[in-house]
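Visitor: From the sequence below, what's the structure:
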Amino acid sequence: ARDATTPLPSFTFFFFRRTLMFSIKQHISALFLFALLFTLPLFVACQNNSDDNDYDTVTYSVIYVSEYGETPAKISVEENTVLTASQLPELSASGYTFGGWYDGSAKAEAGSYKVTADVALIAKWTAEISVTADTAASAIQAITEAGTYTVKLTGAITSDTIIALRAALRSLTNDGTDATIFINLDLSETTGLTVLGDIDDDDNAARLSGIDSLLSLTLPEGLVSIGWNAIRNNKNLKTIVFPSTLQTLGRNSLRYCFSLTHATLPSNLKTIDKNAFYDDPLINIGELPSSLTTIGNNAFKYCKKIQPADLVIPDSVTSLGSSVFEEAYLDSVVIGQGITTIPYSAFKGADIIELTIPAAVTTIESKAFDDNYYLKTINYGGTKAQWNAIVKGSNWYSISDDASDEEANYDGITVKCSDGTITLTAE
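Guide: Residues are numbered from 1 along each chain as shown. Modelled structure (predicted):
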């Protein structure tokens, strides 16, 4: 045996050194790899947070420009901010009526206008002419400069006043040229007018019809009835404000008002006569009031963009006319408990998707829901036996035969009754 003090051979020492160095390198590599794996997610997370923060902090300037009144200060908002009413403030200025804030030709509406870039909002104003009822017609006829004016009347008003106003408004230049004059007519502070128009088709009745210059009309409290053809054929009329006292919208009363967008029905309205809103494609009527009892033939026919598209007919309505909502494009319809008969073509071509019919209905006349190829569900308030007992006219509903239209209904309509379901297929 070798003595402990005898040196190891040189190759043994070399082997030992190599083994030690290799072991150290392995440990160092493992430590480095561990550190890399630990720090890399932190680095990526920090980078992502940095990117998110950069995105979240994108802001745009909203600059207000107004020729009159006190102009609001510029504000900065984050991208895609929807402006509120406080960020689109109402302004006032003597002799002018404020018409809102505009981005180009589009009105910036609170709750819907979204900021996606730096923008300058322009205040829209109309010159205000305040006159008494007996001088209004002459004041309107004196307008010669192109533009939009608000004519506000005060004092007692009569049928003769309305006839004179109609003649004066029709006399204004309105030929589509740069000389065009438009009027916002405000009768809200007048008294004495209970009926506008007449109960029959008298050409000499006190009407505000066939006036191309009329942009908006505000009617006075105390008005109870709008008669035959009273506001018909006003092709540029966009807004009408009804008084709370109004009970009757007469025959053809607002027919062919192709630009009419705002016509919120008043809370005490009882009757909408035949053709009242016929072919007014853009109107927003708000909710049908709970005071309503009668909606006449064709009342909303061809109102293709009627709002709201989810229609609820209140229980107070006991009479619906034929073709009442024909081609008035709707998403859903709830028919109230007061209806027992759904008349001919009442909702033909209305593009209804979901329909609710009460158990009170005993008759569905021909073509009542014809050409509603997207109708998939009918919610019925009674039993299957009651549904089967309803007298149904020919072609009262349709099933699409176009299987290539993914949205159309070609599989059948499901009738959900209180005690089960029934499937309607193509006849």
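Visitor: What are the buried residues along the helix or strand residue 187 falls within?
Guide: Using DSSP states H and E, residue 187 sits within strand 181-191. The neighbour-count check on strand 181-191 (16 or more other C-beta atoms under 10 Å) flags 181-187, 190 as buried. Every residue, glycine included, has its C-beta placed from N, CA and C.
Visitor: which helices and strands sit right next to that strand?
Guide: Strand 181-191 sits against strand 147-156, helix 159-171, strand 214-218, with contacts defined as 3 or more C-beta pairs under 8 Å, 6 or more residues apart in numbering; DSSP states H and E.
Visitor: returning to what we had before: which among the buried residues of strand 181-191 gets closest to residue 277?
Guide: Taking C-beta to C-beta as the measure, residue 277 lies nearest residue 185 of the buried residues of strand 181-191, at 19.6 Å.
Visitor: Name the residues of the longest strand out of those in the chain that are buried.
Guide: Among all segments of the chain classified by DSSP state E, the strand with the greatest residue count is strand 119-132. Neighbour counts using 16+ other C-beta under 10 Å place 119, 121-126, 128-129, 131 of strand 119-132 among the buried residues.
Visitor: what's the farthest-apart pair in those?
Guide: Counting by C-beta to C-beta, the most remote pair of the buried residues of strand 119-132 is 119 and 131, 37.2 Å apart.
Visitor: The buried residues of strand 119-132 into TSV, with extra columns for distance to residue 112 and pLDDT?
Guide: Shown next, in TSV, are the buried residues of strand 119-132 (distance: C-beta to C-beta, whole Å; pLDDT from 0 to 100):
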residue	distance to residue 112	pLDDT
119	15	95
121	14	95
122	18	95
123	18	93
124	17	89
125	22	87
126	23	82
128	27	87
129	32	91
131	36	94
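Visitor: Format those residues as CSV; extra columns: distance to residue 400.
Guide: Listed next are the buried residues of strand 119-132 as CSV, based on distance: C-beta to C-beta, whole Å:
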residue, distance to residue 400
119, 44
121, 45
122, 47
123, 49
124, 45
125, 51
126, 48
128, 54
129, 55
131, 58
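Visitor: in what helix or strand does residue 137 lie?
Guide: In this assignment (DSSP H and E), residue 137 forms part of helix 136-141.
Visitor: can I get the CA coordinates of that helix in PDB?
Guide: Taking Å, rounded to 0.1, in the frame of the first residue of the first chain, the C-alpha atoms of helix 136-141 are listed here in PDB:
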ATOM      1  CA  ALA A 136     -96.800  86.400 -37.000                       C
ATOM      2  CA  ALA A 137     -97.800  86.000 -40.600                       C
ATOM      3  CA  SER A 138     -96.400  89.400 -41.700                       C
ATOM      4  CA  ALA A 139     -93.200  88.800 -39.700                       C
ATOM      5  CA  ILE A 140     -92.600  85.500 -41.500                       C
ATOM      6  CA  GLN A 141     -93.300  87.100 -44.900                       C
END
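Visitor: taking the mean pLDDT, what do you get for that helix?
Guide: The pLDDT scores in helix 136-141 average 94.
Visitor: ok, for the spatially most central residue of the chain, nearest residue in space, not its chain neighbours?
Guide: In the chain, the residue lying closest to the centroid (C-alpha atoms, centre = their mean) is residue 307, at 5.6 Å. Distance criterion C-beta to C-beta, 6 or more residues apart in numbering; nearest residue to residue 307, sequence neighbours excluded, is residue 284 at 4.0 Å.
Visitor: Tell me how far that neighbour lies from residue 263.
Guide: Noted for residue 284: a distance of 7 Å to residue 263, by C-beta to C-beta, to the nearest Å.
Visitor: of those two, who's got more company?
Guide: Taking other C-beta atoms under 10 Å, residue 284 and residue 263 do not tie; residue 263 has more neighbours (23 against 14).
Visitor: hang on, the more buried one packs against residue 254?
Guide: Yes: at 7.0 Å, residue 263 and residue 254 qualify as touching, with contact defined as C-beta atoms under 8 Å.
Visitor: which neighbours do the two share?
Guide: By C-beta atoms under 8 Å, 6 or more residues apart in numbering, residue 263 and residue 254 have these common neighbours: 240, 277, 280.
Visitor: picking that back up, which residues sit against the longest strand of the chain?
Guide: Taking C-beta under 8 Å, 6+ apart as the rule, strand 119-132 contacts 60-69, 71, 88, 91, 93, 95-103, 107-108, 139-140, 143, 147-155, 184.
Visitor: List only those of the residues you listed flagged as buried.
Guide: The neighbour count (16+ other C-beta under 10 Å) marks 60, 62, 64, 66, 69, 88, 91, 96-101, 108, 139-140, 143, 148-154, 184 as buried among the contacts of strand 119-132.
Visitor: partner strands of whichever strand or helix holds residue 415, parallel or antiparallel?
Guide: For residue 415, the host element (DSSP H and E) is strand 413-417. Sheet partners assigned to strand 413-417 using DSSP bridges are listed as strand 377-380 (parallel), strand 420-424 (antiparallel).
Visitor: In terms of secondary structure, what does the helix or strand following the shortest one contact?
Guide: Along the chain past strand 377-380, the next helix or strand (assigned with DSSP H and E) turns out to be helix 384-389. Counting contacts by 3+ C-beta pairs under 8 Å, 6+ apart, helix 384-389 is packed against strand 413-417, strand 420-424.
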